[in-house]
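Q: 3D model of this:
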Amino acid sequence: MIHLALLAALAEPPCYPLADVIAGLDQSYHEREIARAVESRGGMVLTFASPAGTWTLVVVAPQEPLTACMVASGTGYMTIAPGVDR
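A: This is a model prediction of the structure:
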């Protein structure tokens, strides 16, 4: 069995300067930041989405220069109000 940490190491996500990622997502997909959170190691997790439903999940390293790694993307994004049954 292949260990999950090994798989993660083999599949490094693409990483670029944060400003370039923000501009690229806006220009190419009309995605804007809609949510953010601090992850356990001090980095930021940013969620971008477009009115068309495309989305991208980005992790930003906690040190300068700010580098953003795109870890997931897809379609069908929708906002669910708190307390709404899924």
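Q: What are the buried residues along the longest helix seen in the chain?
A: In terms of residue count, the longest helix belonging to the chain (DSSP state H) is helix 18-29. Residues 18, 21-22, 25, 29 are the ones in helix 18-29 that count as buried (16 or more other Cβ atoms under 10 Å). The way it works is simple: take the backbone N, C-alpha and C, and place the C-beta from them, glycine included.
Q: Next, Ile34: secondary structure please.
A: Local secondary structure at Ile34 is given as strand here, using DSSP: H, G, I helix; E, B strand; the rest coil.
Q: circling back: for the longest helix of the chain, which outside residues touch it?
A: Helix 18-29 has contacts (Cβ atoms under 8 Å, 6 or more residues apart in numbering) with 16, 31-33, 48, 50, 52, 54, 56, 58, 60, 66-68, 70.
Q: List only those of the residues you listed flagged as buried.
A: Looks like the contacts of helix 18-29 have 31, 48, 50, 54, 56, 58, 60, 67-68, 70 buried, using 16+ other Cβ under 10 Å.
Q: and those residues as a markdown table, adding distance to Tyr77?
A: Shown next, in a markdown table, are the buried ones among the contacts of helix 18-29 (distance: Cβ to Cβ, whole Å):
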| residue | distance to Tyr77 |
| --- | --- |
| Glu31 | 9 |
| Phe48 | 9 |
| Ser50 | 8 |
| Thr54 | 7 |
| Thr56 | 9 |
| Val58 | 14 |
| Val60 | 20 |
| Thr67 | 24 |
| Ala68 | 18 |
| Met70 | 15 |
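Q: hey, what's Ala49 bridged with?
A: Note on Ala49: beta-bridge partners Arg32, Trp55, judged by DSSP bridges.
Q: What residues does it make contact with?
A: 31-32, 34, 55-56, 77.
Q: Okay then, goodbye and thanks.
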